[in-house]
Structure formats: C-alpha cells, structure tokens
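Trainee: pasting the structure only:
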C-alpha cells in the first residue's frame, strides 16, 4: 500500500514538473516548485515507512523547512533583484 | 554586540523571552533526538544557546512577545471547525477540477475583516488561504482581497469564518 | 486481531484517498487556465493530499515518537503553505499579473 501512495506521488510530481516547465509566468513555475517540495517531503516520509526506517522522517522535516525558505528566497529574489534586506524591511535598532 | 547591550540595559523582557525560547527549543531537541547521551544533550544545549543568541540579536518577536503566552487550547473549537471547512472545500475544488467541462468562474472579492487585533486578522486571512477555493491576495488595514475559484466557495464560508475568527480574536 | 484489521483498513483508506487528492491537484494545476486559479489545486495538494497521507502514516505508526514527528511535519506544512501561497499571490499581483476573471463558458444563467 505504501507503493500505491508512492506511485500517486510520482504521478503528481510529473504533473507539477510539467507545469513548472510549461508555466508561462515565473509565478506559475514557483507555485509548481513549491508543490513539488511538498511532494518531496511526502515521498521521503512514505519511502522511510516502505523501507522500515522511520529515521527518514527527520530528513523529511528538515526538507520541509528548507523547501519553504527556498520558495520565499527565490520569490524575494525575483521581486527585488537581490536577497539583501528589501525595501520593506527596516532595522529600527538605532531609534530605540 | 547589541544583544549584550540590550541585556545589560536591564531589559527584563529580553531575558525572559530568551529563557522561554530556549526552554521550548531544548524541549524540541529532546523530542526529536529521543536520546539522553551526555554528548547529544551538550550539543543540544549549545545549539539552543546559539539560536537564542541569534534570535535576540535579530530582535525577532520582542514586540510580539505574547506569541508564547497564547492559550493554544482556547481556540480548539475554531481549529476543529476549520478542518471541517477545509475538507468540504477540498471536495468542492476537486469536483470542479475533475469535471470535464471545468465549471469555474474565478472572481476577486473585497471583504472587511472585523477582528480588532492584528493577530486575529492574520489568523483569518491565513485560514481563508488555507481553504482551497479562496486565497487572500492582499490585506491592507481591515480590507481583505480574496481570489475565489467560484462564488459558491466564498459565500459558503466567508461571513461565517469571519465571525468565527472574531469570536476567537486572540 | 480485529483492531489490527480495522487499523490497517483505515491506514489504507487514508493513504489511497490522499494519493487520489494529490493526483487531482496535479491534474488541476495542468488544466486550469491562469496562475490565480492554479493556486487552488496547489492548496488541495498541500492540505488534503499531504494531510491524508501523513494521517495514514500516523495510523500506521501508532503511539510513538514517529507519530510526533509526523504531526510536526503536518503542522509545519499547514502553517507554511498559506504563507508561501499568499506571498506568491501578492508578488504576482504587485508584479502586474491580472487575474482572469470571466470564464470562457457561462455555466450559470
């Protein structure tokens, strides 16, 4: 039954990958990559169960963290052109 | 070295916040590692210290200090209700997507959020986004801009969810 | 013995229906006409698909540290997914991408 779930995850990965390659705008591609990240987390978790090694869950947890930060970072890069503090961020330490 | 200045200035909130943060982080470490060897405990303690230092240096959550003191169990009715809504909306969107004629009519709505606190409004906007079929595009002041897959998806829940989140008003 | 069968069955049902919702979300991301509408099936993948599959794994694991970790993954996905999707939508809006508002076919009156 784990293999059934893994097959479903692979099919969905192929579909989102197609959207990432087709997607007319950069936002389509980012959305698809974001979903792909979620699917990767699921794949790692289910694969851990299939192999009988639940230690894989730690990797899935870390991947979930990284995938979210990756999406936000790429988004920020496309919005502002660099990864430094954007115009909306202001450090008001000196004023305190 | 602003951290030490801030701590030295006797800002008790910073001390207290750092302490609670460290406690939560070390608990998380214990939970995830599940091992009590001295080496691992020491490494966990060091990483906790490092993260608390970085958090204090970035001055995150000093202003939202109450985030730790939120009672997680009070809004439990809201969470249960939200899960029900998410399931219902998922079935709705899945039906629309798999229907051969693709019966969707995307619209953009403007809705007024009635929560007083910022946290309440953010909770509301996030629960709107979390429910498939409606996505909060923008939140300016009280005005919420929502993109919806079809009108039904909005009308079934927006007013209702607003009052739910208002009752919650963290 | 009986309980074991029920648990296996529940786990099966969760994993299979989770897989179904994943594939449905994937199909939706290919079928729908523009970026803003495609965000909705992405939400299906993130909430229902991921939630059901993780729930199936939790039932499989029973009461243990593994379940706690699965719960953490599920909670994390539930908190980050609206944030990421909202950031994408807002960036697209500010980037000047206009949502497609009128459907190509009028299905109600």
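Mentor: The structure has been received and is ready for your questions. What you see is a predicted model, and the numbers here were worked out from it, not measured in a lab.
Trainee: need phi/psi at the closest residue to residue C:34 other than its chain neighbours.
Mentor: Across the structure, with Cβ to Cβ, 6 or more residues apart in numbering or on different chains as the measure, the residue nearest residue C:34 apart from its sequence neighbours is residue C:100 (4.1 Å). (Glycine included, C-beta is placed from N, CA and C.) Recorded main-chain torsions at residue C:100 are phi -80, psi 110, according to degrees, to the nearest 10.
Trainee: number of nearby residues for the residue nearest to residue C:81 when sequence neighbours are not counted?
Mentor: If you skip the residues right next to it in sequence, residue C:81 has residue C:46 as its closest partner in space, 3.9 Å away by Cβ to Cβ, 6+ apart. Burial of residue C:46 is recorded as 25 neighbouring residues (other Cβ atoms under 10 Å in any protein chain shown).
Trainee: and the one 4 residues further on, by the same measure?
Mentor: Applying other Cβ under 10 Å, we find 27 residues neighbouring residue C:50.
Trainee: which element follows the helix or strand containing it toward the C-terminus?
Mentor: Under DSSP states H and E, the secondary-structure element containing residue C:50 is helix C:50-61. Following the chain from helix C:50-61 toward its C-terminal end, the next helix or strand by DSSP H and E is helix C:65-94.
Trainee: report the angle between that following helix and helix C:50-61.
Mentor: 170 degrees (axes from the mean of the first three to the mean of the last three Cα atoms, to 10 degrees).
Trainee: how far off centre is helix C:65-94?
Mentor: On the basis of Cα atoms, centre = their mean, to the nearest Å, helix C:65-94 is displaced by 10 Å from the centre of the chain it belongs to.
Trainee: from chain A, how far out is the residue nearest the centre of chain B?
Mentor: Centroid-nearest residue in chain B: residue B:123, 6.2 Å away (criterion: Cα atoms, centre = their mean). For residue B:123, the distance to chain A under the criterion Cβ to the nearest Cβ, to the nearest Å works out to 19 Å.
Trainee: quick check: buried residues in the helix or strand where that residue lies?
Mentor: Residue B:123 belongs to helix B:118-130 when assigned by DSSP H and E. Of the residues in helix B:118-130, those buried under the neighbour-count criterion (16 or more other Cβ atoms under 10 Å in any protein chain shown) are B:119, B:120, B:121, B:122, B:123, B:124, B:125, B:126, B:127, B:128, B:129, B:130.
Trainee: my read is that residue A:4 contacts residue C:19, right?
Mentor: Yes. Residue A:4 is within contact range of residue C:19, at 6.3 Å (criterion: Cβ atoms under 8 Å).
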